[in-house]
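Q: Whatever this is, show me its structure:
(chains A, B, C and D)
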There are 4 protein chains.
Amino acid sequence: MPQTSLMMTLQFSSSGTPVNVQAKHFLIPGLGRYDHKYSPKLPSKFPKTSIFNSHQIPNPILHQPPVNQSVAAIVFGDGSESRLYPLTKRRSEGAIPIASNYRLIDAVVSNCINSNINKIYALTQFNSTSLNSHLSRAYSVASLGKEGFVEVIAAYQSPEDQGWFQGTADAIRRCLWVLEEYPVAEFLVLPGHHLYKMDYQRVIESHRNRKSDITIVASNGITKRDQDPGVGVLKINTENQVMQYSLKSNKEPVNYAVVEAYLFEGYWEDMRSIEAFYQANMECIKKLNTGYNFCDRDSPVYTIPRNLPPTVVNDAMITDSVIGDGCILNRCKIKSTVVGMRTKIRDGAIIEDSVIMGSDVYQIEDGRESSIKSTSVPIGIGENTEIRKAIVDKNARIGKNVKIINKDNVEEGDREANGYIISGRIMVVLRSAEIPDNSIL
Amino acid sequence: MPQTSLMMTLQFSSSGTPVNVQAKHFLIPGLGRYDHKYSPKLPSKFPKTSIFNSHQIPNPILHQPPVNQSVAAIVFGDGSESRLYPLTKRRSEGAIPIASNYRLIDAVVSNCINSNINKIYALTQFNSTSLNSHLSRAYSVASLGKEGFVEVIAAYQSPEDQGWFQGTADAIRRCLWVLEEYPVAEFLVLPGHHLYKMDYQRVIESHRNRKSDITIVASNGITKRDQDPGVGVLKINTENQVMQYSLKSNKEPVNYAVVEAYLFEGYWEDMRSIEAFYQANMECIKKLNTGYNFCDRDSPVYTIPRNLPPTVVNDAMITDSVIGDGCILNRCKIKSTVVGMRTKIRDGAIIEDSVIMGSDVYQIEDGRESSIKSTSVPIGIGENTEIRKAIVDKNARIGKNVKIINKDNVEEGDREANGYIISGRIMVVLRSAEIPDNSIL
Amino acid sequence: MPQTSLMMTLQFSSSGTPVNVQAKHFLIPGLGRYDHKYSPKLPSKFPKTSIFNSHQIPNPILHQPPVNQSVAAIVFGDGSESRLYPLTKRRSEGAIPIASNYRLIDAVVSNCINSNINKIYALTQFNSTSLNSHLSRAYSVASLGKEGFVEVIAAYQSPEDQGWFQGTADAIRRCLWVLEEYPVAEFLVLPGHHLYKMDYQRVIESHRNRKSDITIVASNGITKRDQDPGVGVLKINTENQVMQYSLKSNKEPVNYAVVEAYLFEGYWEDMRSIEAFYQANMECIKKLNTGYNFCDRDSPVYTIPRNLPPTVVNDAMITDSVIGDGCILNRCKIKSTVVGMRTKIRDGAIIEDSVIMGSDVYQIEDGRESSIKSTSVPIGIGENTEIRKAIVDKNARIGKNVKIINKDNVEEGDREANGYIISGRIMVVLRSAEIPDNSIL
Amino acid sequence: MPQTSLMMTLQFSSSGTPVNVQAKHFLIPGLGRYDHKYSPKLPSKFPKTSIFNSHQIPNPILHQPPVNQSVAAIVFGDGSESRLYPLTKRRSEGAIPIASNYRLIDAVVSNCINSNINKIYALTQFNSTSLNSHLSRAYSVASLGKEGFVEVIAAYQSPEDQGWFQGTADAIRRCLWVLEEYPVAEFLVLPGHHLYKMDYQRVIESHRNRKSDITIVASNGITKRDQDPGVGVLKINTENQVMQYSLKSNKEPVNYAVVEAYLFEGYWEDMRSIEAFYQANMECIKKLNTGYNFCDRDSPVYTIPRNLPPTVVNDAMITDSVIGDGCILNRCKIKSTVVGMRTKIRDGAIIEDSVIMGSDVYQIEDGRESSIKSTSVPIGIGENTEIRKAIVDKNARIGKNVKIINKDNVEEGDREANGYIISGRIMVVLRSAEIPDNSIL
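A: Numbers count the residues shown, from 1 in each chain, chains lettered A, B, ... in the order given. The predicted model follows:
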């Protein structure tokens, strides 16, 4: 499902000075009653477009239906062209753990809930098992109020379609008969692995008031990481209508439908690389309000409800870090680190500038088990181990006296057979990997 | 997922007189800790087998773990070789409605719950959307008690496996890493569209006491419908060990693992044809206790909890029928019929020997809507319409003065373009089909 | 908790011609942060009031908080001065079954949900066990969406207050510290046993726009049943401000706070007598849209989700009736009757103009049980029994050849020792009562 | 509800050498079908009794019904004679927070769930609001599997009983009609505020095998704190039958029913004083396995599922402490302390040997609020504040430069008007109390 076709950069050419903004997601018009012949071809649908700022939004028109009745969100949970490998080796992008207690997709689903949009379809196909499980546990039918739901639509075979979803538009096309059950007026198409907060009600108001066919949410927060030649570019006129868009080297004029853009200003992270993911974690540590705010009472972030015991700390010095639920921290030093749920850190460990994703279960460490597998390294961080600038994926087993410090200062390196890779100088230890005692990486 | 390879007929050859029994499902040994190299090859694993009756079961061995901790069920929700078309046109077999209020898969999942097995993985791939949705709504994580779950594992792409599940064994193989989360000692492999009641705890006791590697549940209820050349046959010795099994024309000796059989006596319907499905519905009408008992307080059948208004009856003569929740029955005669949820039957209608699956939603019939689409036939059964020996799938729109009576007494007929097919003289109206006023079929 | 003090009749005296309207419930101003000294004295709080029609409501003021954040509903589940005895013998008024599948309180709670008010406190004290249980099963914390809840606040002892709630105002006063948890701007005070549909958002808009301290919802649907001397009366001036109100014979001027009224036109049933309850049931049969509409897709009525098998009908003639889920109807005639969940009606029974509440469980009728208690009458309606103009409460055991027909045409009669009473010529069989074979009542 | 009458000390006098054991709770025989005349008089029901150790339990009798069908637990949530004031000022004993993330009653309910007992009635009356709310949120009907429930039965008025529950036996008597819904064979009567782990299935096996009428669970862990003259004493013969029991100074022979005792060895805390509660918290810190183990995968402790952000730590030295979910810890030192959910500790604070219960909500600290109430102390622990050997109840507001150190070394002191009391030299700051800046207590 290469929903990356939905990611593109808009260029204001209206005033002669093109302004870079990024298209983030689409609001496509409602499909009404299901028509078997309807086949939305999103990529070829961008003739004239206009863009406007959020402060220009007029008052909502009161006789329009409330968003919780007329809008459905379609969240794409994964993309096959992920650059977040190896974090996506066994899971889709939306299922990657973030900020100790969450999964990436929680951000977008929480946006929907906080925007009173409670009809949410999650389309999944690639390594989707853990994502499907997360979504059905975190957002059970019961949890979204009257007529609300997060419905996972996994790729499937049918007599007409033996193959997998062929891109975003095909995925939506093949699910139209499902979407028919609750007729809606507008669809909100959202990538499931972006990190940002937005009141989609504002976007929908804009969409309705401008009577646009398609509204593209765009951000002008172009960072250095976004100078990606694979990202699309749009040409905009003075009324902010999109005249042309280009994806990679392929330019296409927009000449029929009314395509508007909604400009969003604020934190928005695309998660287009391991480095971006690492930075997003670091930003949520530094100060609560610069990056994405997970502790926001007004727009809370939802996830699987947990039932974990409190974190037990024997003797720890902790600075500038966040600690997930149910950790066991022995005598250790933790600095500028995200420590995930159920992480066990043993005596003498030092962890800095890292993301430790934690564990799915508590490992029972009694005599019976240790006799059986006395040689294997237990889950967690071993005694006297030192970790710096690393991402340690779930259930990893880091031995004693290990150093994960990128000792040779490698920029990029594939050591997957040894349980880790290096990406942008960041050490990434794979899920369930075992790093033997005394290793120096 | 051709789990039909799990369906075979056993032949007792022990006493010289072969006895026909049907293999219904498998109990395979637990896989313990996940081993990446493990690849269970179910079809080639049947050397010696034995079979014994349920009344021979010795006392349970008390130090063995309780089933709700050590056993996981793997339910196959669909099969690509379905003979239940067109009921499977838009849904997998497990999602076919049965007995007004249920879906086929509810029978097997309820068996698990009533047997205290609450770790249930449902593997789906083919037309799976409605099945996935049903399972996650009916059996949310919260509904199965301590550590219980029904987890849907939809087919997915991964870097190693770009293709769909290639049969039952491949599906299990590709899900082993998921099943690892809750280590279990035994797996219970179950087709999701069979209709029967069984206490799986008895099977597991037998499996443990006989120390078998694989236990096959078999039924000696061979009916005329089962004389299918495509079904497998097993040879059994005097100790009820399976010596040979044959699937279709392919015979294979069983020569390594210990394969036992567990003989089940009771109602069991494979749903291997439209006629079988039709009969199963008719049997649940006739007397409560001959077919499958949906009204059994001791082993209740679970499904999606509903919130429907009571059935409204204006003037109806109803004999030997079951009426689902929230129907609207005007002046009509209903005989020997299964009437599904939210069915609307209009004045003068006569329905006999039929299965009406009902509707997913109430259609609003106010002036506004009727003006817009005055020509279309509304959902339900029209005035003065007569239906005999038919299956009317969900959301069908049957007009006025229609006769669905198989007037030409056709045995088999494909009229799909007209909204129905004929199978074994049974008229089957397709989901959402529209039969115009005054039609005589 | 005599919340009947909240029930009163308004009299328009503005134009010289007094118009009767009924005050139905109150919207009282939000209490903001909890003040230990605050003690709302509702009955003495009606100085000037005004009343206006719903079509006069101006546009909502957009910068005001949405109702699902700023409004909490306080539902009174019971009243100690009930006139619905014996239906209230073991349950509070809100827990009385209505229309086969519901409890009375479902109507008001569904109004709240459909009005996007999802902070609901239910105050209970009198025979409250079944009501508490119903509320926590039907409206679990999870079912009301983001931050929504139905929280049951049962009467309790504390060091400061050893006694029960002393009326409505005392109940609210003693719960203020609980209500503090989710600060709200307005409270909506609602009796839990009324039957009507209302969009409370309209009331709140009116309340805000009129800047009133207290808004009273009033209905001008004064029926013959309402000519009750115990009901209050209000004097209104030309601007629809309430100048005086009288409860019973006690008149009290309204002279400080701004009290407005919101006039509601539509079906509203107070349930102030057995006859009113009976009529409300009959009205929901006659035509779907004259009484209270339980089958309304736009404003659905919620209740405990059920998992019942379909109703089984062997040979029944049914006219103008509603049939609840999971009934078993043998050869019988049913006319103008509400048949509740799990009702069992045996051969030859005739039921007319009645309300059969059904059963909480299926009684197992096997040999084992019948041998133990072969003499007792089973739950349900016995063979050849005739019932006319009766209310049969839950789990009643009506024998064979019984006639419940009010043979002596008694107006009012107390036969509680025999398992029934007569109220307004309506026969009322008590919950779990046993009427022996061949009885003629 | 003085269920303290269920607490008594058994004395073995069988061998001439009396052995002190404590009766902890009762297993009373099932009441079968509800009999209106049945009135269990628990206190006068102890004629002959026997006691035996858990290792003497014979094999379970297999034809007996499984505990999840035949046993119901009756949990008493509160007691009016609490010695845990002021922790019980606004809540009942079962609702007192323990070990950062839990409430006391979670221990007993979790015991039930882990023992496969899923029919749980919680009887409440005294300050019960927060307990009722906790139970219905933590253990919703849906969470306990097939036919499981935690049903809160709050004290209520009825025509027959206008008063509150008069003790344990009266409470059970008045609820018998409720308990009738799910007929059970045995009742397990449990105080809701004790802290221990027990597999009740063992007790029930013993109860059945000994064919006793009443089984009393007793512990021989008599500690110094138990030398309470108000606690009962039992005389036991050589067959461990109870011959006499005495409650306070009142001795009563046991002469009809068969009363057995089940001796339990292990951690058991009655919570009979503030000191006991404090020690229980301290013990859960020291080493995980000496006190009550909250981190036990085999017998997990359940509670309200939470959705909190991770704990944010800016610069903390933490030793021998447990930290609840969603705390915000600035530059501080924490030693031997239980830190509850959402606790905010500000710069320079030092906390030792204390129990900080945390907060129910995050306080928003923006300009708007601070301008409104700039003088009030915010929730949490202020800058440079020092706390030693204290219990700080929920939502307390401790100012800057405060010392809570029991400076005058007071043994017992009532300073409730100042927001705290002293009990056994432990400082107890009340719920929502405000301790002004610079206070030295």
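
Q: Show the contacting residues for the residue in chain A that chain B sits nearest to.
A: Closest to chain B within chain A is A:Ala154: 3.2 Å, counting by CB to the nearest CB. C-beta here means a position set from N, CA and C on the backbone, and glycine is covered the same way. Neighbour list for A:Ala154: A:124-125, A:128, A:132, B:124, B:128-129, B:132, B:152, B:154-156 [criterion: CB atoms under 8 Å, 6 or more residues apart in numbering or on different chains].

Q: beta partners of it?
A: A:Thr124 (DSSP bridges).

Q: check which helix or strand covers A:Gln201.
A: helix A:200-209 (DSSP states H and E).

Q: Could you do A:Leu190 as well?
A: strand A:186-191.

Q: for A:Ala280, same thing?
A: Going by DSSP H and E, A:Ala280 is in helix A:274-286.

Q: sorry, back to before: ok, now how distant is the residue of chain A closest to chain B from A:Thr88?
A: 17 Å (CB to CB, to the nearest Å).

Q: just A:Val178 next, same as before
A: Distance from A:Val178 to A:Thr88, counting by CB to CB: 26 Å.

Q: Those two: which is more packed in?
A: A:Thr88 (22 against 17; other CB atoms under 10 Å in any protein chain shown).

Q: May I have the secondary structure class of that one?
A: State at A:Thr88, reduced to three classes by DSSP: H, G, I helix; E, B strand; the rest coil: coil.

Q: Quick check: it touching A:Asn127?
A: Yes. Here A:Thr88 reaches A:Asn127: they are 6.3 Å apart, a contact under CB atoms under 8 Å.

Q: which neighbours do the two share?
A: A:Asp78.

Q: just checking, A:Ala171 is part of a helix?
A: Yes. Assessed with three-state DSSP, A:Ala171 lies in a helix.

Q: Which per-residue confidence value corresponds to it?
A: According to the prediction, A:Ala171 has pLDDT 75.

Q: Contact partners for the residue lying closest to it once chain neighbours are set aside?
A: Spatial nearest neighbour of A:Ala171, excluding adjacent residues (CB to CB, 6 or more residues apart in numbering or on different chains): A:Phe165 at 3.9 Å. Contacts for A:Phe165 (CB under 8 Å, 6+ apart) come out as A:1, A:123, A:125, A:155, A:171, A:174.

Q: cutoff 7 Å now
A: For A:Phe165, the contact set (CB atoms under 7 Å, 6 or more residues apart in numbering or on different chains) comprises A:1, A:125, A:155, A:171, A:174.

Q: now swap in A:Gly326 and tell me
A: Here A:Gly326 is in contact with A:308-309, A:311, A:341-342 (criterion: CB under 7 Å, 6+ apart).

Q: swap in A:Ile304?
A: A:Ile304 sits next to A:134, A:137-138 when contact means CB under 7 Å, 6+ apart.

Q: Tell me, please, where in the stretch 1-150 of chain A the pLDDT is lower than the cut-off.
A: A:1-65, A:79-82, A:140-147 (pLDDT under 70).

Q: Go again with 90.
A: The stretch 1-150 of chain A contains residues with pLDDT under 90 at A:1-83, A:89-92, A:113-150.

Q: near chain D, which residues of it show up?
A: A:99-101 (CB under 7 Å from any CB of the partner chain).

Q: now do 6 Å
A: A:100-101 (CB under 6 Å from any CB of the partner chain).

Q: again with the stretch 251-400 of chain A
A: Where the stretch 251-400 of chain A comes near chain D, counting by CB under 6 Å from any CB, the residues are A:294-295, A:297, A:302, A:305-307, A:309-313, A:315-319, A:321-325, A:362.

Q: what do you get if the cut-off is 8 Å, keeping everything else the same?
A: Residues of the stretch 251-400 of chain A found near chain D (CB under 8 Å from any CB of the partner chain) are A:285, A:288, A:294-295, A:297, A:300-303, A:305-326, A:328-329, A:334, A:338-339, A:361-362, A:364.

Q: Can you name the residues that contact the residue in the stretch 251-400 of chain A positioned nearest to chain D?
A: In the stretch 251-400 of chain A, the residue that lies nearest chain D is A:Pro305 (3.0 Å; CB to the nearest CB). A:Pro305 sits next to A:138, D:305-307 when contact means CB under 8 Å, 6+ apart.

Q: Just flag the most distant two among the residues you listed.
A: Farthest-apart pair in the contacts of A:Pro305 is A:Ala138 and D:Arg306; separation 12.7 Å (CB to CB).

Q: Compare these two (neighbour count), which wins?
A: Each of A:Ala138 and D:Arg306 has its neighbours counted (other CB under 10 Å); A:Ala138 has more, 21 against 17.

Q: wouldn't the more buried one be in contact with A:Asp106 here?
A: Yes. Between A:Ala138 and A:Asp106 there is a contact at 7.0 Å, judged by CB under 8 Å.

Q: Can you work out which residues contact both of these two?
A: Shared contacts of A:Ala138 and A:Asp106 (CB under 8 Å, 6+ apart): A:302-303.

Q: Please, which helix or strand holds A:Ile74?
A: Going by DSSP H and E, A:Ile74 is in strand A:71-76.

Q: list the helices and strands that strand packs on?
A: helix A:105-114, strand A:119-124, helix A:167-179, strand A:186-191, helix A:200-209 (3 or more CB pairs under 8 Å, 6 or more residues apart in numbering or on different chains; DSSP states H and E).

Q: what's the angle between the last one and helix A:105-114?
A: When you say that, I think you mean helix A:200-209. Angle of helix A:200-209 versus helix A:105-114, following axes from the mean of the first three to the mean of the last three CA atoms, to 10 degrees, is 60 degrees.

Q: For helix A:200-209, list the C-alpha coordinates in CSV.
A: The C-alpha coordinates for helix A:200-209 follow below in CSV (Å, rounded to 0.1, in the frame of the first residue of the first chain):
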residue,chain,number,x,y,z
TYR,A,200,-9.9,17.7,12.1
GLN,A,201,-13.2,19.5,12.7
ARG,A,202,-11.4,22.7,11.5
VAL,A,203,-10.4,20.9,8.3
ILE,A,204,-13.8,19.7,7.6
GLU,A,205,-15.3,23.1,8.2
SER,A,206,-12.9,24.5,5.7
HIS,A,207,-13.6,21.8,3.3
ARG,A,208,-17.3,22.4,3.5
ASN,A,209,-17.1,26.2,3.4
